[in-house]
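*Asks:* here you go, sequence then predicted model.
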Amino acid sequence: MNINYHNWRDYTECPKKFRLLHVEKVLPTVLENEYYTLYGKLVQRFFEFYCNIWRFKTPYLFKEVIQERMDKILEGMLLTRDVNWSVPGAVSKDQIVEQATNDASVIMEGPTLNYFLATQAEVSIEIKLSSGDLLNGRIDFVHINVDKTCLIFDGKGTGTKGKNISRDQLLFYSLLYFLHSKQLPDYLGFFYWKLNEFEPVGFNLDLLNEFRARLSLDIKAMTSGMRREATPSAKSCKHCPYLNICQEGLGAKGKRARKSKMDIEGDGLVVFGL
């Protein structure tokens with residue numbers, strides 16, 4: 001079995017979702033609206049090209065060039081993505097390109113550009129485990145400082161620090177890097193495109209060993225089929241591609257709907273909708 005961060009995350013969220021999506025390969029019955037991730041993926045893709053290609057010839061890019069390249073990247077992305085532009089608050093394609101261009105230009109003009117110099121993006125690593133299974137992934141950004149220290153980081157499109165992020169993602173990449181290079185990365189972190197800010201994440205060998213032990217147990221369960229049942233929760237079910245055919249998920253959704261009928265009146269008295 002090929003084990004990567006995304007299918008492992010799906011397993012930890014819900015073994016049934018993992019089984020349907022990655023083992024039985026059942027077509028999703030609920031399509032994700034990828035509008036909400038367009039901005040973050042667009043800027044991420046721009047800096048992947050910058051790190052792996054463009055910086056070697058032209059480390060500095062003028063804003064007009066950035067906008068032209070953003071526009072081309074987004075056009076390519078839209079060919080393979082399901083985007084519903086009619087959601088409340090949605091902005092146009094041109095506005096997404098404009099925001100992405102403005103944010104990338106701010107990075108290009110300031111000291112945080114150093115995070116993308118001497119940096120390789122989308123670093124693919126595959127490790128064969130003793131069980132014969134493959135542990136693999138693509139590390140978003142690997143930066144080597146002048147003192148030869150290594151920084152692994154991931155770009156985020158959210159404008160709120162700490163929202164929709166997981167340290168486990170960086171620990172997974174760090175473990176891959178360690179198993180491949182026999183060296184620990186020195187630093188981990190997230191780069192917030194909208195904030196033009198790098199946020200370091202605490203990291204040491206003890207944390208990595210703890211994560212490695214947890215991952216090992218999950219891999220054994222994933223490959224043996226020990227756990228197959230659904231584990232419904234507000235977080236995992238909300239965006240599940242199989243929600244409308246999952247009785248456990250629909251049951252959890254019904255419970256949340258009944259709970260939402262509860263109102264707090266002016267004097268703080270709790271009243272249940274009847």
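*Replies:* That came through, no problem.
*Asks:* what does the residue nearest the centre of the chain show for phi and psi?
*Replies:* In the chain, the residue lying closest to the centroid (C-alpha atoms, centre = their mean) is residue 165, at 7.1 Å. Main-chain torsions, residue 165, degrees, to the nearest 10: phi -130, psi 160.
*Asks:* ok, it touching residue 155?
*Replies:* No: using C-beta atoms under 8 Å, residue 165 is not in contact with residue 155; the gap is 10.8 Å. (Glycine included, C-beta is placed from N, CA and C.)
*Asks:* and for residue 236, the neighbour number?
*Replies:* Other residues lying near residue 236 total 20 when counted by other C-beta atoms under 10 Å.
*Asks:* helices along the stretch 51-200 of the chain, start to end?
*Replies:* Assigned by DSSP state H, counting those that start in this stretch, the helices in the stretch 51-200 of the chain fall at 55-57, 63-78, 93-109, 167-181.
*Asks:* distance from the chain centre to stretch 49-60, please.
*Replies:* 24 Å (C-alpha atoms, centre = their mean, to the nearest Å).
*Asks:* per-residue confidence averaged over that stretch?
*Replies:* Taken as a whole, stretch 49-60 has an average pLDDT of 97.
*Asks:* endpoints of that stretch, how far apart?
*Replies:* 13 Å (C-alpha to C-alpha, to the nearest Å).
*Asks:* now that stretch: buried residues?
*Replies:* Neighbour-count burial for stretch 49-60, counted by 16 or more other C-beta atoms under 10 Å, picks out 50, 51, 54, 55.
*Asks:* include distance to residue 122 when you put those into JSON lines, please.
*Replies:* Shown next, in JSON lines, are those (distance: C-beta to C-beta, whole Å):
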{"residue": "50", "distance to residue 122": "12"}
{"residue": "51", "distance to residue 122": "9"}
{"residue": "54", "distance to residue 122": "14"}
{"residue": "55", "distance to residue 122": "14"}
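*Asks:* quick check, nearest of these to residue 136?
*Replies:* Ranked by distance to residue 136 (C-beta to C-beta), the buried residues of stretch 49-60 are led by residue 51 at 20.4 Å.
*Asks:* grab the nearest non-local neighbour of the closest one.
*Replies:* Spatial nearest neighbour of residue 51, chain neighbours left out: residue 121 (4.1 Å); criterion: C-beta to C-beta, 6 or more residues apart in numbering.
*Asks:* from residue 181, how far off is the one you found?
*Replies:* 17 Å (C-beta to C-beta, to the nearest Å).
*Asks:* same check on residue 66?
*Replies:* 33 Å.
*Asks:* ok, residue 145 next?
*Replies:* 15 Å.
*Asks:* that's all I had, so thanks and see you.
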